[in-house]
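J.: take a look and give me a structure for this.
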Amino acid sequence: MEAKKSDSANNENLRFPIMLMGVLFVSGILLASFTYEVGVISDINLSKESASDNSQVQTVDKPEEPEEQEEPPKVEATPPPQEEVVVEENTEEEPVAVVTPPPPMEIAVEEEPLPEAEIIDFPDVEAGFPGGAAELHRWIVSNVQYPETSIEMEDQGRVYLSFVVEADGSISNIKVEKGVTRELDREAKRLARKMPRWTPGEAGGRKVRTRCRLPIVFTLE
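T.: Sure thing, here's the model as predicted:
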């Protein structure tokens, strides 16, 4: 009996340290598993944070790719229908207008008059009517036309004329130096213009222009 008490007493004495060791073992296992899980969770969190940081860095550093613009749809424009142009052929030929240029205009060039020669009042040889003074008187009586108004008014008198006998014998520059009436003066000038060519005067051996004076008498018989 004493021997059994010693074994039970020994077993009782060993139970507590065994239980304590078991508790320590179990608590060590639990603590080890807990620390492992915490470490794994922290590693997972750190990996997530590092991944998020890397993703942020990559999103910042990576340039944004331009969006591809969609090309507008191509619209095929159909050309308008072309109108058929019918060209009518002219059966009749149109007359061709022939334009002739006008003849060149003749521009009249006014010639400058030659300077008139000097009129000589007292030439070496006087100008005279062909045939002399008697022939001149006969010519005037034959060609005079007494104005009817002067006949009715019984106008009569002597009209003094002056004129120039040109170098060719023609009469020019007829003037009335002393007249009677307008009708008789007009008739005297008409007679002077109608006279035939005179014999021109001479000066220095050549024919010159000379001034002559002639009285024409108008009388009623």
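J.: and the strand ranked longest in the chain, what does it pack onto?
T.: As assigned by DSSP state E, the longest strand anywhere in the chain is strand 206-218. Judged by 3 or more CB pairs under 8 Å, 6 or more residues apart in numbering; DSSP states H and E, strand 206-218 is in contact with strand 119-120, strand 157-165, helix 182-194, strand 201-203. C-beta here means a position set from N, CA and C on the backbone, and glycine is covered the same way.
J.: same thing but at 10 Å, please
T.: Strand 206-218 sits against strand 119-120, helix 133-143, strand 157-165, strand 171-178, helix 182-194, strand 201-203, with contacts defined as 3 or more CB pairs under 10 Å, 6 or more residues apart in numbering; DSSP states H and E.
J.: partner residues bridging Phe163?
T.: Counting by DSSP bridges, Phe163 is bridged to Cys212.
J.: so what's it up against?
T.: Each residue near Phe163 by CB atoms under 10 Å, 6 or more residues apart in numbering is listed here: 127, 171-175, 189, 192-193, 195, 198, 210-214.
J.: what number of residues lie near the closest residue in space to Ile151 that isn't next to it in sequence?
T.: Excluding its sequence neighbours, the residue lying closest to Ile151 (CB to CB, 6 or more residues apart in numbering) is Leu220, at 6.7 Å. Under the neighbour criterion other CB atoms under 10 Å, Leu220 is assigned a count of 9.
J.: just to check, Leu220 is in contact with Gln156?
T.: Yes. Taking contacts as CB atoms under 10 Å, Leu220 lies within contact range of Gln156: 5.2 Å.
J.: which residues do these two both contact?
T.: Common neighbours of Leu220 and Gln156 (CB under 10 Å, 6+ apart) are Tyr146, Ser150.
J.: tell me how far the nearest residue to Leu214 once chain neighbours are set aside lies from Ile174.
T.: Using CB to CB, 6+ apart and skipping residues adjacent in sequence, the residue nearest Leu214 is Leu161, 5.0 Å away. The gap separating Leu161 from Ile174 is 6 Å, by CB to CB, to the nearest Å.
J.: mutual contacts of those two, please.
T.: Common contacts of Leu161 and Ile174 (CB under 10 Å, 6+ apart): Ala188, Lys189, Leu191, Ala192, Leu214.
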